[in-house]
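**Q** For reference, the sequence and a predicted model appear below.
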Amino acid sequence: MSTKDALAEREDVGEQSMTDDAVPPDEAGPPAPGAQKREPWVLGWVLVALGLVVALSGSVAWWTAAHSEDLQLARTRDAVLIATTSDVATLNSLDYRDVQAGLDGWKAVTTGTLHDQFAGLDAKDRELLADQRKISKGRVVEAAVLDVDGATAEVIASVETTVRDGADVDAEPVVKRNRFTATLQRSGGTWKVSDLQQLAVDVS
């Protein structure tokens, strides 16, 4: 083989080697199996996480709203009970030595028709109350809220009223026990009694 032929053969072999080494991008082999599955797997978990976040946010919002309503109702019932304990006791208390002060106390804890009835008592009515010469002191021993609807509440209360005879200072006080139903209305941010009814006592 001549030198010229040898050089030509070497060039052919080099070109063939370069052709074999250069692989077009489009003809590259398939990606690894893990690479194919990674993107859908990650996307699936992202969607699941988003779903959990949305569900959790909705649950928290619902729980917060429900909890707020329950808390507000509990506070309202507490306020009604406090007013009942004080107001019903006041309405069962009167000192014949200062009837006007007693009536002022009654008017302060009432509203509506009941308040108007007390406000309408005249001098003759006050004189009749004074003539009884009684000193009564009421105390609510138990009370329960039956219903709360907006600015109106229905309650029941057990009351002990200690009555002393002003005409006989040596007389033993008499303790009376009664049960009342009362309607309270919120007036100017304060719960006041709008109706008070004594329940019949079952002696059977």
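**A** Right, received. Where do you want to start?
**Q** Partner strands of the lengthiest strand in the chain and their direction?
**A** Longest strand in the chain by number of residues (criterion: DSSP state E): strand 134-149. Each strand that pairs with strand 134-149, with its direction, by DSSP bridges: strand 94-95 (antiparallel), strand 152-165 (antiparallel).
**Q** what's the most buried one of those?
**A** Using mean count of other Cβ atoms under 10 Å, the stretch among those with the largest mean neighbour count is strand 94-95, at a mean of 20. Where C-beta positions appear, they are placed from N, C-alpha and C, glycine not excepted.
**Q** Mean confidence (pLDDT) on it, please.
**A** Confidence over strand 94-95, taken as the mean pLDDT, stands at 98.
**Q** name the helices or strands packed onto the helix or strand following it?
**A** Counting by DSSP states H and E, the next helix or strand C-terminal to strand 94-95 is helix 99-108. Counting contacts by 3 or more Cβ pairs under 8 Å, 6 or more residues apart in numbering; DSSP states H and E, helix 99-108 packs against helix 33-91, strand 94-95, helix 112-119, helix 123-131.
**Q** could you redo the last one with a cut-off of 6 Å?
**A** Packing contacts for helix 99-108, counted by 3 or more Cβ pairs under 6 Å, 6 or more residues apart in numbering; DSSP states H and E, involve helix 112-119, helix 123-131.
**Q** could the ones you listed go into CSV alongside mean neighbour count and distance to Leu103?
**A** Putting the helices and strands packed on helix 99-108 into CSV (neighbours: other Cβ atoms under 10 Å; distance: least, Cβ to Cβ, whole Å) gives the following:
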stretch, mean neighbour count, distance to Leu103
helix 112-119, 14, 6
helix 123-131, 12, 7
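**Q** Output the lowest mean pLDDT helix or strand found in this structure.
**A** Least confident helix or strand, the chain: helix 3-21 with a mean of 50, by mean pLDDT, DSSP states H and E.
**Q** just to revisit the earlier point, in a markdown table, list the strands paired with strand 134-149 along with distance to Ala200.
**A** A markdown table is the format used below for the strands paired with strand 134-149 (distance: least, Cβ to Cβ, whole Å):
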| stretch | distance to Ala200 |
| --- | --- |
| strand 94-95 | 23 |
| strand 152-165 | 13 |
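**Q** which residues sit against the longest strand of the chain?
**A** Residues from elsewhere that reach strand 134-149 (Cβ atoms under 6 Å, 6 or more residues apart in numbering): 76-77, 80-81, 84-85, 88-89, 92-96, 154-164, 166.
**Q** out of the strands paired with strand 134-149, which comes closest to Asp70?
**A** Set against Asp70 and scored by Cβ to Cβ, those come closest in strand 152-165, at 16.8 Å.
**Q** next structured bit after that closest one?
**A** Counting by DSSP H and E, what follows strand 152-165 is strand 174-187.
**Q** For that following strand, which helices and strands make contact with it?
**A** strand 152-165, strand 190-198.
**Q** Just the buried positions in the last one, please.
**A** Residues of strand 190-198 classed as buried: 191-196 (neighbour count, 16 or more other Cβ atoms under 10 Å).
**Q** Low-confidence ranges, the protein, go.
**A** 1-50, 52-67, 202-204 (pLDDT under 70).
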